[in-house]
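Asker: all I have is the shape, not the residue letters:
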């Protein structure tokens, strides 16, 4: 258990800067190091010290004083705020597929690495992975294809360290197109995996 | 509710069928439904004579219903009344009373006569089919029933006519299930074989797809998102409580396995989409596909010995056949997207849909897969074929006129016409087995 937590902590330490880079496009001219230091979440690694333990462990060791509980609540409130603030950016970024394919393109893989970082950062979050197809083809096969797309995304995230228990697949086949158009551009938008925070 | 059921049963009991004396056994050589160059047989259907004679309106209605039902089969070309050589109301009804020569000269090779004895509650029908060329009676029947049951009696006689001419019992006791989004969401509906008596079956208010009939026609299985994800519902049509079969992942394309009280469907609980056999209680008894990749859309041969299905194991969706006692072989080789297999009731053909150049069309192939024949053209999509219980017709969905609607055609692709005109779009039709009278 504590080993798993430590692995998670290390992963978080590793991924946090990358995540911050990818989210920092709106900032004016910062170098990556600066963002890391200036960001309000930059203090997080400190919380894991001493001994690389997580706050939960600390709390256990400290026996849970009132002041610590308050601190903890403030932290989780802040975390919740953060999730709310970044959730739609996470959800809006769909993973796209080629026609009749569930293979992850390199662009899809890059997006999924970002998503994995976000999920690692907020371990309390569970997601639904929706698999979708364009309207071409037939609905029975497309329901299976959508499932395959969702499963491919899930497996990729599992390989990046996201627990499978946090993810559920739902295939919608061709039943819920994002774009009602009947052209290549619309079809391309509809061949997607869409991640929804539960 | 119970009293209504009782009344229906009484009506059936009254509609006793009596063979009319002198009936000759037909040799089934009139219509060969496996012959692709099917010629339509010219037929005359007269209005029914009535007793008392002042019920002529009912006699006309009866004749028209009979003609409409028979015309649906695509076997006949109906002689218009204006070309009748004799006034049916002044004409005799039996072999001895009919001058067959004037009917053959008018082009009619088959003639149907009817008599309706009417009182305030009961109708008694006496119906006969004649071969005008041979001058002989092919089939004659007498029916009694309530006024409201007249069409059912007429449909029963239509079944007799088709049986006398083809050796098959036809589809006059069948219904068609389909998906419609007319009420805002995709729900499952049923209608008579000819599109009449539309009934909404599901009220899932989500997405309902892939209806399949139980072998007795009393239940439908389908996939629906009523609880947020695709699960299999097994729903009795008499309003009794149904069941849900739900595994992790997709629960899709349910069908009953012929000759067994078991079903087959696509599940993905282990991460791979495979076909499994399971009990109606949802207990899996057998895994039917092993290959990594998509396997879906099981379609059984009528004897239950083989299963057609769709697999992308070759890199694109194609149709395969699994022998229950042995191996798996590929059926379709032309075209890069072949799905939706439907096994013919006679067991010798498989209908399916094939996408080429962005268009989907319906094909029929023998079991060796060597000579697929295209049955449809026009519109972006003609798909979801399903056979009538006698194998003479195929129902499908098409957007040839804009929105998706339900169409029918003969099994040779002739006589294509729209079955229904409903709000929204209609897709995924499934033709029921022949039903017993009590289920109508």
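Answerer: Nice, I can see it. Predicted model, so just to flag it, every value in this text is computed and none were measured.
Asker: show me the strands in chain A, by range?
Answerer: Ranges of strands within chain A are A:95-96, A:127-132, A:167-173, A:192-197, based on DSSP state E.
Asker: tell me what the longest helix anywhere in chain A is packed against?
Answerer: Looking across chain A with DSSP state H, the single longest helix is helix A:66-92. Counting contacts by 3 or more CB pairs under 8 Å, 6 or more residues apart in numbering or on different chains; DSSP states H and E, helix A:66-92 is packed against helix A:55-62, helix A:106-121, strand A:192-197. Backbone N, C-alpha and C define where each C-beta goes, glycine included.
Asker: what's the most buried one of those?
Answerer: Ranked by mean neighbour count, the helices and strands packed on helix A:66-92 are led by strand A:192-197 with a mean of 21 (mean count of other CB atoms under 10 Å in any protein chain shown).
Asker: tell me which parts of chain A are close to chain B?
Answerer: Taking CB under 8 Å from any CB of the partner chain as the contact definition, chain A meets chain B at A:100, A:136-141, A:143-145, A:147-148, A:151, A:155, A:169-172, A:175.
Asker: so how far is residue A:180 from the closest residue to residue A:94 other than its chain neighbours?
Answerer: Excluding the flanking residues, the one nearest residue A:94 by CB to CB, 6 or more residues apart in numbering or on different chains is residue A:192, at 4.2 Å. The gap separating residue A:192 from residue A:180 is 14 Å, by CB to CB, to the nearest Å.
Asker: ok so, going back, now, of the residues of chain A next to chain B, which are buried?
Answerer: Buried by 16 or more other CB atoms under 10 Å in any protein chain shown: A:100, A:136-141, A:143-145, A:147-148, A:151, A:169-172, A:175, out of the residues of chain A next to chain B.
Asker: now, which of those lie within helices?
Answerer: Residues of those located in helices (DSSP H): A:139, A:140, A:141, A:143, A:144, A:145, A:147, A:148, A:151.
Asker: ok, these vs residue B:417, which is closest?
Answerer: The shortest approach to residue B:417 among those belongs to residue A:139, at 23.5 Å (CB to CB).
Asker: which residues does stretch B:284-294 contact?
Answerer: Counting contacts by CB atoms under 8 Å, 6 or more residues apart in numbering or on different chains, the residues outside stretch B:284-294 that touch it are A:141, A:144-145, A:148, B:262, B:264, B:267, B:272-279, B:295, B:298, B:307, B:309-313, B:317, B:322, B:328.
Asker: let's have the strands of chain A in a markdown table, adding mean pLDDT.
Answerer: Putting those into a markdown table (pLDDT from 0 to 100) gives the following:
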| stretch | mean pLDDT |
| --- | --- |
| strand A:95-96 | 98 |
| strand A:127-132 | 98 |
| strand A:167-173 | 98 |
| strand A:192-197 | 98 |
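Asker: and those strands as TSV, adding distance to residue B:50?
Answerer: Listed next are the strands of chain A as TSV, based on distance: least, CB to CB, whole Å:
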stretch	distance to residue B:50
strand A:95-96	69
strand A:127-132	61
strand A:167-173	55
strand A:192-197	65
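Asker: which residues of the stretch 251-400 of chain B lie near chain A?
Answerer: Residues of the stretch 251-400 of chain B lying near chain A by CB under 8 Å from any CB: B:252-253, B:266, B:268, B:271, B:273, B:294-297, B:310, B:312, B:316-317, B:337, B:339-340, B:353, B:355, B:358, B:360, B:383-384.
Asker: can you select the buried ones among these for me in PyMOL?
Answerer: To isolate the buried ones among those in PyMOL, judged by 16+ other CB under 10 Å, type:
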select buried, chain B and resi 252+253+266+268+271+273+294+295+296+297+310+312+317+337+339+340+353+355+360+383+384
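Asker: buried by neighbour count: which residues of stretch B:369-377 qualify?
Answerer: Neighbour-count burial for stretch B:369-377, counted by 16+ other CB under 10 Å, picks out B:369, B:372, B:375, B:376.
Asker: out of the residues you listed, which is nearest to chain A?
Answerer: Lowest distance from chain A to these (CB to the nearest CB) belongs to residue B:376, with 14.1 Å.
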